[in-house]
Each structure stands twice: as structure tokens, then as C-alpha cells.
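Asker: Sharing a model prediction with you, sequence too.
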Amino acid sequence: MTEEIVIAGFGGQGVLSMGKIMAYSGMMQDMEVSWMPSYGPEMRGGTANVNVILSDERISSPILRSFDTAIILNQQSLDKFEHAVKPGGMLIYDGNGITRHPERKDITVYRIDAAEEASKLKMQKVFNMFVLGGFMKVKPILKTEYVIKGLKKSLPERYHSLIPMNEDAIKRGMELIRLKSECIG
Amino acid sequence: MAEITFNDIIKPENLTYKKSKLMTDNVMHYCPGCGHGTAHQVLAEVLEEENLQERTVGITPVGCSVLMYNYIDVDFQEAAHGRAPALATAVKRLMPDKFVFTYQGDGDLAAIGTAETIHTCNRGENILILFINNGIYGMTGGQMAPTTLEGMKSSTSPYGRDISMMGSPIKMADIVAMLPGTCYVTRQSVNTAGGVRKLKKAIKKAVQYQNEKRGTCFIEVVSNCPSGWKMTPVESNKWMEENMFLFYPLGDIKVPAEK
Amino acid sequence: MEKELRLMKGNEAIAEAAIRAGADGYFGYPITPQSEILEYLMEANPQTTTGMVVLQAESEVAAINMVYGGAACGKKVMTSSSSPGISLKQEGITYIAGAELPCLIVNVVRGGPGLGTIQPAQSDYFQATKGGGHGDYHLLVLAPSSVQEMADFVELGFDLAFKYRNPVMILSDGAIGQMMEKVWLKPQKKRSEEILPWATTGKPASRPRNIITSLDLDPERQEKFNFKLIAKYREMEENEVRFEEFMTDDAEYIFVAYGTSARLCQKALQLARAEGIKAGLLRPITLFPYPKKRLNELADRVKGMLAVEMSAGQMVEDVMLSVNGKTRVSHYGRMGGMIPTPDEVLENMKSFIKG
Ligand SMILES: Cc1ncc(C[n+]2csc(CCOP(=O)(O)OP(=O)(O)O)c2C)c(N)n1
Ligand code: SF4
Ligand SMILES: [Mg+2]
């Protein structure tokens, strides 16, 4: 099993940290992992993206231009990465602020309105965990208990009190995700 | 120094909201609330009002303002990190009738470029050095600068600047003021309309002194870096007023005798 | 302390490995994409644990000269930077090589020339392997291609530096510096308290005074010293060549690539094999000394070699020198911070095979 993932969105949306948690969780599950961020001033207010690979084998190239799964959190990133999903692959996107929705027919498209739900529940801080929950539901590679272990390992001690909130967000995200074709409007 | 009154501020020459003709339409890459953009605008206004476009050569630093050449419509050279005063020296010596300025951050001017700064000022090169002191390395992501205040946290002073290990913040304006080559050394700000107005006056003086070949003009602008300081723009201005201005008091440090 | 598994950026791995290797000092100046090394060390604050000195210098010039001073005391000292900063260090590096001092220099390469870009590149190969500063000298150059090797090569680098009394460079790039992978960290080593006989530590009555210098005004003596350096480099070529091979046993065509490019080529190699192309990969780990002999041997039985580099074609010259006309050699590269994709690399191999 090798899962090649891109996560992309605005700087501030938790794109890099979501990737980090995935990588940590993969490591806890004894997988080979790599996390390759975009870096530099382009992140200042602009878009950020990260390539995450989870695999049972030694990882060859950590830098990719086509992906099994794209997790997309804004319009620019959707425009940039929709075409980078391998045929038969998967795209997950947050509908918030999207005016041009994914159009490809040769991939499976899921929608998760995580931003909306996070603000409704006043849990914007863990917005990215809703999305992660959605991913975990439709690509069950990472198990919740290991994600929690990963969070414990990646978060500084002073944030450990926030872990239950993260767990709630993951659970809610799992319920929230829908096939795009099943979404109304 | 006289208090600025409301009527001073609304005088046409003091209005700051009109975009200078020398500012290009390029979208600035600066973070919201950053002082660099305002400093650019003030400089551009002076260059425009003094009709300097045709005879100006600017030197940009390596720092957040490295791309300044995209924003002000005059000829520019891009120097290596810290070396802008050396380029400016050559430009002015080879073309003495040009108006030559450098625009430099604190890392650029007070760390890696200290030698160039000191020796350019010491030779009294007829140029303007515009020094944007935000107490941090903005561009590279918030590392400690030579001007970082005692106790201030940065990514390379995560426990606060400890002066026993990292030395005290450097007051470059005071240092260069001691050199006979400088003719005009002043410390200004861009966080208020009054500050902007005073900075503009200072740059105008520097133009005059450069025309009169009186030596190096050194204008420090104490500024902010909301991103590097990890504050909102409003918080960063407040913090700057309460901390930076105490250590780097605003006002003239050295003025030339009137002719 | 046991060995420890962590998920780390390449830059962080270098920093942590330096502490654990018992380094005495690190001197650096911020520059993207390697500022995390200094930042990590400042946060870890090893001065309070192992006693390792960490200092933010006022420039790269100052940093490398701090290294010069520390190395002359026989201490395990290092610096790191990225391309523009490494250019500034060249004066110090040639003095260190000329004074035969051990030290570790890390270059997390970004695209150039000039201020260039902050994205990854491999365009400093010539500078790293052919000298870099003035005078006849070489660094011993290690090229990591994973975060694990970033960590491992710190200790290896120090060991080689002291073995040969020669500066060692870790030639990495922005991709390996910024990416996170699993890394096994070695247990903490104690800092050495040994006083080296050549080091300037204060002259006891028992030995003549030690002078660290790279100056010799007498050309005959200077030439003799140059011959001594050459002999040292030959010894490195005998003993220290390191490389890794993938599927070269039956290969007809060989990718030659180091660092990040080698990772891309591993993937391109899988794709090629899936299409029935008999490809292989040789990954030089030491760039100086270069695996010349091995390439020359392989040249006897392969049909061609394709050097893949994120540069205009620098290492390819060493491939050509190694095979000395025995087989076809070509180059594929991207520049300016662009990273080739494995598909792109494969396409290039295919057109290379077509000739
Ligand atoms: C030789 C060299 N060393 C380091 C750097 C990396 N670098 C770019 S900008 C900068 C410091 C910027 O700080 P400052 O001058 O205070 O400007 P600011 O961004 O705060 O306006 C550094 C260290 C470089 N480009 N070149
Ligand atoms: S990093 Fe700081 S100095 Fe640079 S643009 Fe942002 S606020 Fe301004
Ligand atoms: Mg600054």
C-alpha cells in the first residue's frame, strides 16, 4: 500500500499541520512516511500545500506531481490540483468559498463542509481535524487511536488539553463527508 | 518640537492618502499592517514632488523590501545582503549628479552589512541611507536581529534575547552619528499621520543635503513586523510605541549647521 | 539514552544529530531554506545540557571564521547555510583547508546564481566538489538523500573531518532540508575532552608552541604542502568512496543521481522497470571522492548513463571523466528551483535510449 496525498489551501488553514498529524499517525502505525511542504514567502497569506506519503515500503520520491488523493481547501488550490489527481483517484474538498466545483468524472469526488460546521460549533481552531476525519472515513488507512497518539507526539504538552476537542472534530468530520454527487446544491 | 495640530494634518502637503504617481500598480507582497509599504509611499511622494524620477538610482537590500523595485518607478539596483551602501558608493562616485539612496532592513544594515554601513558613513558618501528598523529578520521568518530588544522573543531567541549571550540591541543611528562623514541622522516612524509627515520632511531635507553634497544622510524608520512579532497590526503598533520607541527614541540625532 | 525514532525535518535532524554527536559548537546566520538548524539549536539550548555553544553570527563570513577559530582549538565545530551564504564562506573555507583543520559545513542548496530562488537545487556541485574558494584544495563532500542520512552524516562528517584534518561538507538541498521523514537518532555522545596535539590550547612546557596558519612564503615549502594535500585526497579516494546501487546487476542503462534527484530516480526506475526497460541507478553518496572506479566498471557493460541533476549539468562532467568515453553519457536537469518529476525523468531516459 502506498498512498500519495496532497493537501492544499490558504496559509492559516492548518494545511501543513494536518499533513504533519497524518505523517505522525502513519509513523505510529509503523508505516514509512514523508511530509514535503511548500515553503517560503509564498506561504505569507497565500496558498500552502504539502505532499504526504504513507506507505508500507521504502518511499522513493517524496516530491510528486500526481496524487492518489487531493484534499482541497480553497478555490486556487482546486484549480491547481484537480488535474493532478490520478485517474481513479480521489478528491476531497471543502465547499466553503468554492465557486467552480470539481468537474472530473474519472475520479471520486467527496465534499465536506467542514469550515461551515467548525464555525457553527465554534471549533474553528480544529477545522482541519474535521477534514482529516472525513479523509479517514473514506480512506480508512489511519486509525483514530493512532491519530490521537500522533497528536500527542506532535503537539507541545501545553496543548494536550485540546486533544479531546480534536477527537470530537474527527468524529464529526467522519459523519459530515458526502459524495459530491449526493450533495444538493 | 512643535505639536502637530489637526489643521497641520489636513494641509494639502500633509495629506498622505493620495497615491504617488511614482508608485506602480503592482500588488505589494507585504503582510497586512507592515510599515514597509507606508515608507515606500512616503519616499515615492518625495521623489515625485522633487522631480527626482529621472535622476534617481535606488539600491534595494535583501530583506522583505528586496522587491521594492516592483513598487517605485525609478531605476533600481538589487544588492547582495548587506552590501547596498557599497553599490551606492560607486553609483554616486561615478554619477555625482544622481540622487542615490539605499533602503535597508536592520539585519541587512546592522548585521551582515555593518562594515559597509560604517565605512560608507565614515567616508561621508553623498547618499541617503533609509533604514527600516523593525527589530527582526522579517523575510526569513522572524529570527533575532541585532536591533531585537532585550527579552524580545524571536525564532532564534525563543526564550527572549539574553544580552549576556547575544549582546545588546545596536543603536545604529547613534553610532553613525558619531562619524564625521554623516551630516544628518534622524529617527522617524510611519505608524501615525504625524509620523509620516515628519518622515517626509526628513527625506526632503536629505534630498537637499545630498544636492548640497554635505555628506551621508541616515534616516532610521522605527517600524513593525506583525508577522515576525506574531501580533496583529494594531497590537504590533502598540507594542512598538511602548517598547521600540523607548529604546529607539524618535527625533533628530544630528543636524547640519545651516548654510 | 536509547536510539530514538522521531519524525523530523532534514534541517532539524542535522541540528539534533549535532547535539547528539557531541559537537562543541555551531555558528550560523539565518537563510532560507535552512534557518531551522539555528532555530532548533536555539530552542534546544544545548549549552545547558551538553555544553555545546550555539551562536547566531552577524554574517556568514563571521560564522565561518568562528568555525576557523574553534577548529583551530581542536573542537568539533560546524556551520550551516544555503547557497548565497556558502559563497560568502568560501574565503574562510579555503583558509580552513589550507590550515588543515577539521570542521563540518552544511549547504542546504537553493537555486542560483545570485539571490536566485529559495527553492531546492543542486547547482552548487562544482563549488562543493572542485574547491570553491581559491587555491588547490578539496572538501570531502557527503550527499544525503533522506532525513535519516542528514542525521547520520553529521557524525560521519565529523569523524572524517578529524580523520583527515579536512573540512567536510554535507551537500543537501531545500527539499531534504524542509521535508519530514522518520529518523532514528543515536544516543547522546559525550563531548570529547581530549586535547589534540596540534591544537592551539595553550603551550605546556612539554611541547613546542602550536601555530595554525595557511601561510608559507617559501614557494618550495608551499609546493611540498600542496603535494601533501594531494596525497591526502588520494587517500580519501582509496578509502572513503561511498555509493548506493539499485538494480544495476542486469541494467543496460543507468541513472546517475545524488540527493533529491536520486529519490526521483528511484521512482523513475520503478516506472521504467514496469515498462520493461532494464534501467538501474547509481547514487553517489560521496561527491568528493567520486565513485569514479565503479562507474568506470559499469561502463564496460552498460549501453549508456543518464545523469539527472537539478542543475545545468555539473555532476555529469564527473560521470564523463569516470567512464572516459567508454559509454554514452547524457544529462537531464531542471533548474532555478524546479524539481523534475519521475515521469519526466523516465521520458528523458526513453529518448536517451532511442539515441
Ligand atoms: C548572504 C545571505 N545570507 C542570508 C540571507 C538570508 N536573508 C534574507 S533577508 C535576511 C534578513 C532580513 O532582515 P532585515 O534586513 O531586518 O529585513 P526585513 O525583512 O526585516 O525588512 C536574511 C538573513 C541572504 N539572502 N543572503
Ligand atoms: S514579514 Fe514583517 S517586515 Fe516582512 S512584510 Fe511581513 S510584516 Fe513586513
Ligand atoms: Mg528587519
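Answerer: Received, thanks. Ligands and ions are numbered 1, 2, ... in the order given.

Asker: Does the residue most central in space within chain C fall in a helix, a strand, or a coil region?
Answerer: The C-alpha lying nearest the average C-alpha coordinate of chain C belongs to residue C:170 (Cα atoms, centre = their mean; 2.5 Å). Secondary structure, DSSP: H, G, I helix; E, B strand; the rest coil: residue C:170 is strand.

Asker: ok, what's across the strand from the nearest residue to it once chain neighbours are set aside?
Answerer: Among residues not flanking residue C:170 along the chain, residue C:106 sits closest, at 4.6 Å (Cβ to Cβ, 6 or more residues apart in numbering or on different chains). C-betas here are computed from N, CA, C, even on glycine. With DSSP bridges as the criterion, residue C:106 is bridged to residue C:80, residue C:170.

Asker: For residue C:106, give me the pLDDT.
Answerer: Per-residue pLDDT puts residue C:106 at 98.

Asker: what ranges do the strands span in chain B?
Answerer: B:56-60, B:75-78, B:99-105, B:128-133, B:136-137, B:143-144, B:182-189, B:216-222, B:251-254 (DSSP state E).

Asker: Can you tell me which of these is most buried?
Answerer: Neighbour counts (mean count of other Cβ atoms under 10 Å in any protein chain shown) averaged over each of the strands of chain B peak at strand B:136-137, with a mean of 30.

Asker: Tell me the helices and strands packed up against it.
Answerer: Counting contacts by 3 or more Cβ pairs under 8 Å, 6 or more residues apart in numbering or on different chains; DSSP states H and E, strand B:136-137 packs against strand B:143-144, helix B:226-229.

Asker: How many residues are close by residue C:221?
Answerer: 10 (other Cβ atoms under 10 Å in any protein chain shown).

Asker: tell me the SS of the nearest residue to residue C:32 once chain neighbours are set aside?
Answerer: Spatial nearest neighbour of residue C:32, chain neighbours left out: residue C:118 (4.4 Å); criterion: Cβ to Cβ, 6+ apart. Per three-state DSSP, the secondary structure class of residue C:118 is coil.

Asker: Got the domain ranges for chain C?
Answerer: Chain C breaks down into these domains under automatic domain parsing: C:4-190+C:227-239, C:244-354.

Asker: tell me the contacts of the residue lying closest to residue B:243 once chain neighbours are set aside?
Answerer: In space, and not counting its chain neighbours, residue B:243 is closest to residue B:149: 5.9 Å by Cβ to Cβ, 6+ apart. Going by Cβ atoms under 8 Å, 6 or more residues apart in numbering or on different chains, residue B:149 touches B:135, B:161, B:169, B:243, B:244, B:247.

Asker: Where does the prediction get shaky in chain A?
Answerer: A:41-45, A:184-185 (pLDDT under 70).

Asker: and the residue in the stretch 51-200 of chain B positioned nearest to ligand 3, what pLDDT?
Answerer: Of all residues in the stretch 51-200 of chain B, residue B:105 sits closest to ligand 3, at 3.8 Å by Cβ to the ion. With respect to pLDDT, residue B:105 has a value of 98.

Asker: list the buried ones in stretch B:228-247?
Answerer: B:228, B:229, B:231, B:233, B:236, B:237, B:239, B:240, B:244 (16 or more other Cβ atoms under 10 Å in any protein chain shown).

Asker: Give me the mean pLDDT for it.
Answerer: Per-residue scores along stretch B:228-247 average to 97.

Asker: Is any residue of it near ligand 2?
Answerer: Yes. Taking Cβ under 6 Å from any ligand atom as the criterion, stretch B:228-247 and ligand 2 are in contact, through residue B:228.

Asker: Only alpha carbons, please: show that stretch as CSV.
Answerer: Output of stretch B:228-247 as CSV, limited to C-alpha atoms (Å, rounded to 0.1, in the frame of the first residue of the first chain):
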residue,chain,number,x,y,z
GLY,B,228,7.7,38.3,12.8
TRP,B,229,6.4,39.6,16.1
LYS,B,230,3.4,37.3,15.9
MET,B,231,1.0,40.1,16.6
THR,B,232,-2.0,41.7,14.8
PRO,B,233,-1.1,45.0,13.1
VAL,B,234,-2.8,47.0,15.9
GLU,B,235,-1.0,45.1,18.6
SER,B,236,2.3,45.5,16.8
ASN,B,237,1.9,49.2,16.6
LYS,B,238,1.0,49.5,20.3
TRP,B,239,4.0,47.3,21.2
MET,B,240,6.2,49.3,19.0
GLU,B,241,5.1,52.6,20.7
GLU,B,242,5.5,51.1,24.2
ASN,B,243,8.8,49.3,23.7
MET,B,244,10.7,50.2,20.5
PHE,B,245,10.2,53.9,20.9
LEU,B,246,11.6,53.8,24.4
PHE,B,247,14.8,52.2,23.3
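
Asker: what about it, distance to the chain center?
Answerer: On the basis of Cα atoms, centre = their mean, to the nearest Å, stretch B:228-247 sits 17 Å off its chain's mean C-alpha point.

Asker: How much space separates the spatially most distant residue from the centre of chain A from residue C:62?
Answerer: Within chain A, the residue lying farthest from the chain centre (Cα atoms, centre = their mean) is residue A:158, at 24.1 Å. Going from residue A:158 to residue C:62 by Cβ to Cβ, to the nearest Å gives 36 Å.

Asker: what do you get for residue C:293?
Answerer: 40 Å.

Asker: And for residue C:237?
Answerer: Going from residue C:237 to residue C:62 by Cβ to Cβ gives 34 Å.

Asker: For the two, indicate the residue with more neighbours.
Answerer: Each of residue C:237 and residue C:62 has its neighbours counted (other Cβ under 10 Å); residue C:62 has more, 21 against 17.

Asker: what's the burial count for the spatially closest residue to residue C:39 that is not a sequence neighbour?
Answerer: Counting by Cβ to Cβ, 6+ apart, residue B:155 is the residue found nearest to residue C:39 once chain neighbours are left out, at 4.7 Å. Residue B:155 has 22 neighbouring residues, counting by other Cβ under 10 Å.

Asker: Quick check, pLDDT for residue B:155.
Answerer: In this model, residue B:155 carries a pLDDT of 97.

Asker: which ones are touching it?
Answerer: Applying Cβ under 8 Å, 6+ apart to residue B:155 gives the contacts B:141, B:142, B:143, B:144, C:35, C:39, C:42.

Asker: quick one: the fourth one and residue C:55 touch, right?
Answerer: Which is residue B:144. No. At 11.2 Å, residue B:144 does not count as touching residue C:55 under the criterion of Cβ atoms under 8 Å.

Asker: mind checking the SS state of residue 158?
Answerer: Here I'm looking at chain A. helix.

Asker: And it, how far from residue B:235?
Answerer: For residue A:158, the distance to residue B:235 equals 21 Å [Cβ to Cβ].

Asker: Can you list the low-confidence ranges for chain B?
Answerer: Judged by pLDDT under 70, the stretches of chain B that qualify are B:1-2, B:14-16.

Asker: so which of the domains of chain C is the most packed in?
Answerer: Across the domains of chain C, averaging neighbours per residue (mean count of other Cβ under 10 Å) puts domain C:4-190+C:227-239 on top, at a mean of 22.

Asker: That one: how far from the chain's middle?
Answerer: The chain centroid and the centroid of domain C:4-190+C:227-239 are separated by 8 Å, computed with Cα atoms, centre = their mean.

Asker: How about stretch B:73-90?
Answerer: 14 Å.
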